[in-house]
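J.: Sequence unavailable; structure follows:
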Ligand SMILES: Nc1ncnc2c1ncn2[C@@H]1O[C@H](COP(=O)(O)OS(=O)(=O)O)[C@@H](OP(=O)(O)O)[C@H]1O
Ligand SMILES: Nc1ncnc2c1ncn2[C@@H]1O[C@H](COP(=O)(O)OP(=O)(O)O)[C@@H](O)[C@H]1O
């Protein structure tokens, strides 16, 4: 866990608040945190939700594991410590996006409960929505879109989630998607309905 290294730093508040930005956009700034095994469908569903939100006039943005690891987190691997740091950085980025009023969709395996709970603790009540993208290891392995499970079984990838590294299931997620039984469209619809029911998108339609 990174500690505060800099001293003599002062937090500044602007005159425009998160509430002002939310009013401007006609939506709430939240973090929608998708978690699940590799290949469970996190990215697919997050992208589908993003596209649907755009059609409804809502601003959202997807932070995706693979993509973030090319840039901001390109110095991190897959040890428990590196995954914790990956999730710590991403959760702070997600909080900034949510503070900007954006519906922030994150798609990271985030296999450790403690890391996800630390991410939740950064947000206010109702602002962190944990979505368990549930899919059995067998099915993920069958999909193996990137061929990673095959490599992990062959011992070519160490510390692979579900094979040689743990995945701790969420204990009380806000929503569970069953991607073995649902289509990506059905899963995305469940997420949109949840956001509408919670008033995050007002009556399903945003300002723009
Ligand atoms: N060892 C190991 N374990 C798990 N996943 C691996 C590994 N090595 C590479 N990959 C690829 O990296 C993607 C997961 O990155 P994340 O940042 O989401 O992982 S984590 O949250 O820090 O655990 C994951 O992407 P998704 O399939 O989209 O989940 C894989 O493509
Ligand atoms: N209901 C579903 N939801 C999401 N993905 C699904 C579903 N059914 C099948 N798939 C397929 O499973 C794969 C999931 O890959 P991806 O979204 O990259 O997963 P992850 O981001 O969790 O690694 C895709 O090839 C997708 O087409």
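T.: Yep, it's here. As the structure is a prediction and not an experimental result, all values here were calculated from the model. Ligands and ions are numbered 1, 2, ... in the order given.

J.: Residue 92 against residue 122, yeah?
T.: Yes. If you go by Cβ atoms under 8 Å, residue 92 and residue 122 touch, sitting 6.9 Å apart. All C-beta spots, glycine's among them, are computed from the backbone N, C-alpha and C.

J.: and the helix or strand of the chain with the lowest mean pLDDT, anywhere near ligand 1?
T.: The weakest-scoring helix or strand in the chain, judged by mean pLDDT, DSSP states H and E, is helix 65-70 (a mean of 90). Yes. Helix 65-70 is in contact with ligand 1 by Cβ under 6 Å from any ligand atom, via 65, 66, 69.

J.: just stretch 82-97 next, same as before
T.: Yes. Applying Cβ under 6 Å from any ligand atom, one finds stretch 82-97 touching ligand 1 at 83, 86, 87.

J.: So between residue 92 and residue 122, which is more surrounded?
T.: Here residue 92 and residue 122 are set side by side on neighbour count (other Cβ atoms under 10 Å), and the busier one is residue 122, at 16 against 12.

J.: Might you report the residue contacts of that one?
T.: Contact analysis of residue 122 by Cβ atoms under 8 Å, 6 or more residues apart in numbering lists 91, 92, 95, 128.

J.: among those, which ones are buried?
T.: The neighbour count (16 or more other Cβ atoms under 10 Å) marks 91, 95, 128 as buried among these.

J.: Pull the distance from the top helix by length along the chain to the chain's centre.
T.: Criterion DSSP state H: the longest helix present in the chain is helix 80-99. Averaging C-alpha positions (Cα atoms, centre = their mean, to the nearest Å) puts helix 80-99 10 Å from its chain's average.

J.: Outside of it itself, list whatever touches it.
T.: 1-2, 18, 21, 29-31, 33, 61, 63, 65, 68-69, 72-73, 76, 104, 106, 108-112, 114-116, 118-119, 122-123, 127, 165.

J.: I would like a ChimeraX command selecting only the buried ones among those, please.
T.: The ChimeraX command for the buried members of those (criterion: 16+ other Cβ under 10 Å) is given here:
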select :29,30,31,33,61,63,65,68,69,73,76,104,106,108,109,110,111,112,115,116,119,122,123,127,165
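
J.: Please report the distance of the residue of the chain found nearest ligand 2 from residue 8.
T.: Relative to ligand 2, the nearest point of the chain is residue 41 (2.5 Å; Cβ to the nearest ligand atom). As judged by Cβ to Cβ, to the nearest Å, residue 41 and residue 8 stand 46 Å apart.
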